[in-house]
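**Student:** Return a 3D structure for these sequence lines:
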Amino acid sequence: MRILRSSILSLVAMAIGAAACAQTDVWDLQRCLDHARQENLSMRQAMLNIESANEDVRLAKSAFAPSVSASSSQAVSYSPLFDNGQFAYSANYNIGASMTLYDGGKLIYSKKLAALTAEIREAGLLSSRKELEMNILTAYLQVLYAHEALLTAQENMVLADADLDRAKILRQAGKITVSELAQVESQWSQDNYNLTAGRNALRTAVMNLKHLLELEIDTPFDIAYPEISDLEVMESLPEMMAVYERALQSMPQIKEAQQNLESSELNTKIARSGWYPSLSLSASIGGNYNTLRLPDESLGSQFVGSLGPSLSLGINIPIYDRRQTRTSVNKAKINRQQSQLNYEQAVKTVATYVESLYIDAESAQANYQAAKKKQEAAEESYRYTSEQYKAGMRNTVELLNARQSLIGAQETLTRSRYQAVISLQLLNIIQDYPVHIGANQ
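**Tutor:** Residues are numbered from 1 along each chain as shown. Here you go, the predicted model:
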């Protein structure tokens, strides 16, 4: 059985190598991750949100500078009682600047809030990136799992062909009944169905990965199939608390929850600034002219004569605003409490996730070791039963049962192998460690 599997793996490797020579556009896990980080629509949307937040930061900083504006008004009037009626044209020109000197700290807190919001958007981008990496990793390993399951189905089909040929010979020799031959043929049909289903499962897994990468339907897409060793499956696990502490430091969801808590505190301070007086400074210079003054005074001399500066200092003291500030402060406090709860929930979620992944990894490794022994025993049992069947010492039902046990053991071994690899690599992702699949990753 092992020789057969090695032969099939060698043929598949040769086929993949030939395909690689003909078409070099082969996607390994790292390429999938790199492509998704750059091209995924959600990632690109998150980056645009960061750019928008950075614009808000620039706006908040510019709020400390004075605002400058120019204005002009033009008017035409008619005076029917003046010299039997006369039209007059007048104009006023002004340029002024104003700035806030003090507003209870609202501008300062708003600038800090804008900068913190940009950091929250960046943490959100990292959170989306990690989630995307987990999805890509899972989808990629699903392809590898479906590929190995297909190899197993091909192996079983070879055995089914051999069993059917042997059964036909035994039937011709009169050593088995028509009913027993029909049972072997039925099992052959089932194995052939499983082979077809395996091919479809692999195509579906590749399609899902391709869609997750958001590739066009006509994009060439060949997957690299690295060989996963027992050392990789049985990679030693660090202490669970060490994983948890590392995850708390590296998981962007925790950082995002912390920043949201800080943001709620700033919003509370901004709301409280409504209780404080505000102080503003304004300055302007302007002039005007009117045609009714002509010809005694020219337009230019009128404008120059009226041109003059002004400076004003204004203070606004809030007395009663119909409870608007009080309501804003109370709501900000409530939002802060909600942010605190969200932070605590994020910590608990990470703890639960880490523990779940850790238990999955331990269980999958233990299951893999048990499945290896079970598969070896099933192989030996099938080999022994097959030899006795040839000698007429076992019946068809016993042969088929032995092969069903072998098929089940193979499926269990494959499933436990990839469950262990997925859990181990997800633990790497949440600790911000690089992922690696196979020797060439």
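
**Student:** okay, CA-based contacts and neighbour counts for the rest of this
**Tutor:** Will do.

**Student:** which intervals of the stretch 201-350 of the chain have sub-threshold pLDDT?
**Tutor:** 293-296 (pLDDT under 70).

**Student:** hmm, try it at 90
**Tutor:** Residue ranges of the stretch 201-350 of the chain with pLDDT under 90: 216-223, 227, 229, 287-308.

**Student:** what about the helices in it?
**Tutor:** Secondary structure of the stretch 201-350 of the chain by DSSP state H, counting those that start in this stretch: the helices cover 230-233, 240-250, 252-272, 299-306, 324-390.

**Student:** Could you export the third one as PDB, CA atoms only?
**Tutor:** Output of helix 252-272 as PDB, limited to C-alpha atoms (Å, rounded to 0.1, in the frame of the first residue of the first chain):
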ATOM      1  CA  PRO A 252      -5.500  44.100  16.400                       C
ATOM      2  CA  GLN A 253      -9.000  43.500  17.800                       C
ATOM      3  CA  ILE A 254      -7.600  44.100  21.300                       C
ATOM      4  CA  LYS A 255      -5.700  47.300  20.200                       C
ATOM      5  CA  GLU A 256      -8.800  48.500  18.400                       C
ATOM      6  CA  ALA A 257     -11.000  48.000  21.500                       C
ATOM      7  CA  GLN A 258      -8.400  49.900  23.600                       C
ATOM      8  CA  GLN A 259      -8.400  52.700  21.100                       C
ATOM      9  CA  ASN A 260     -12.200  52.900  21.000                       C
ATOM     10  CA  LEU A 261     -12.100  53.200  24.800                       C
ATOM     11  CA  GLU A 262      -9.600  56.100  24.500                       C
ATOM     12  CA  SER A 263     -11.800  57.600  21.800                       C
ATOM     13  CA  SER A 264     -14.900  57.500  24.100                       C
ATOM     14  CA  GLU A 265     -12.900  59.300  26.800                       C
ATOM     15  CA  LEU A 266     -12.000  62.100  24.300                       C
ATOM     16  CA  ASN A 267     -15.600  62.400  23.200                       C
ATOM     17  CA  THR A 268     -16.500  62.900  26.900                       C
ATOM     18  CA  LYS A 269     -14.000  65.700  27.200                       C
ATOM     19  CA  ILE A 270     -15.300  67.300  23.900                       C
ATOM     20  CA  ALA A 271     -18.900  67.200  25.200                       C
ATOM     21  CA  ARG A 272     -17.800  68.800  28.500                       C
END
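
**Student:** hang on, G287 packs against N92?
**Tutor:** Yes. Counting by C-alpha atoms under 8 Å, N92 is a contact partner of G287 at 5.9 Å.

**Student:** Around V243, how many other residues sit close by?
**Tutor:** 19 (other C-alpha atoms under 10 Å).

**Student:** For it, which non-adjacent residue is closest in space?
**Tutor:** The spatial neighbour of V243 that comes closest, neighbours along the chain excluded (C-alpha to C-alpha, 6 or more residues apart in numbering), is Q431 at 6.8 Å.

**Student:** Show me the beta-bridge partners of the nearest residue to S284 once chain neighbours are set aside.
**Tutor:** In this structure, S284 finds its nearest non-sequential neighbour in G96, 3.8 Å apart by C-alpha to C-alpha, 6+ apart. Judged by DSSP bridges, the bridge partners of G96 are S69, S284.

**Student:** again, but for D222
**Tutor:** V26.

**Student:** Check the burial of it by counting its neighbours.
**Tutor:** 16.

**Student:** quick one, what contacts it?
**Tutor:** By C-alpha atoms under 8 Å, 6 or more residues apart in numbering, the residues touching D222 are 25-27.

**Student:** What subset of the residues you listed is buried?
**Tutor:** Among the contacts of D222, those classed as buried by neighbour count (16 or more other C-alpha atoms under 10 Å) are W27.

**Student:** Of the contacts of D222, which one scores lowest on pLDDT?
**Tutor:** When the contacts of D222 are sorted by pLDDT, the bottom entry is D25 at 74.

**Student:** Buried residues in stretch 427-441, which are they?
**Tutor:** 427-432, 435-437.

**Student:** mean confidence score for the one helix or strand Q45 maps to?
**Tutor:** Using DSSP states H and E, Q45 sits in helix 41-62. What helix 41-62 shows for mean pLDDT is 93.

**Student:** So for stretch 36-46, first residue to last residue, what's the gap.
**Tutor:** 13 Å (C-alpha to C-alpha, to the nearest Å).

**Student:** Likewise for stretch 168-183?
**Tutor:** Stretch 168-183: ends 12 Å apart by C-alpha to C-alpha.

**Student:** hey, what's the residue nearest to I315 when sequence neighbours are not counted bridged with?
**Tutor:** Once flanking residues are discounted, I315 sits nearest to L279: 4.5 Å by C-alpha to C-alpha, 6+ apart. Here L279 shows beta-bridge partners Y102, I315, assigned using DSSP bridges.

**Student:** Now for L279, how many residues are close by?
**Tutor:** Neighbours around L279, by other C-alpha under 10 Å: 16.

**Student:** what sits against it?
**Tutor:** 100-103, 313-316.

**Student:** what's the spacing between the spatially closest residue to A247 that is not a sequence neighbour and G408?
**Tutor:** The spatially closest residue to A247, leaving aside those adjacent along the chain, is Q431, at 4.9 Å (C-alpha to C-alpha, 6+ apart). Distance of Q431 to G408, given as C-alpha to C-alpha: 35 Å.

**Student:** now do S127
**Tutor:** 39 Å.

**Student:** and the closest residue in space to Q419 that isn't next to it in sequence, how far is that from L424?
**Tutor:** Leaving aside its sequence neighbours, Q419 sits nearest to A364 (C-alpha to C-alpha, 6+ apart; 5.8 Å). Relative to L424, A364 is positioned 10 Å away (C-alpha to C-alpha).

**Student:** Can you read off the pLDDT for A91?
**Tutor:** The model's pLDDT for A91 equals 88.

**Student:** Check M14 too.
**Tutor:** At M14, pLDDT is 44.

**Student:** and what of Q441?
**Tutor:** 45.

**Student:** circling back: so what's the residue count around the residue nearest to Q419?
**Tutor:** 26.

**Student:** Touching, it and T414? I think so.
**Tutor:** No. At 10.8 Å, A364 does not count as touching T414 under the criterion of C-alpha under 8 Å.

**Student:** need the contact list for the residue nearest to S284.
**Tutor:** Contacts of G96 by C-alpha under 8 Å, 6+ apart are 68-70, 282-285.

**Student:** Of these, which pair is most distant in space?
**Tutor:** Farthest pair in the contacts of G96 (C-alpha to C-alpha) is A70 and S282. Separation: 13.2 Å.

**Student:** Look at those two and report which has more neighbours.
**Tutor:** S282 (17 against 12).

**Student:** what's the distance between the nearest residue in space to the more buried one that is not next to it in sequence and S306?
**Tutor:** Using C-alpha to C-alpha, 6+ apart and skipping the chain neighbours, the partner closest in space to S282 is S98 (4.2 Å). Relative to S306, S98 is positioned 22 Å away (C-alpha to C-alpha).
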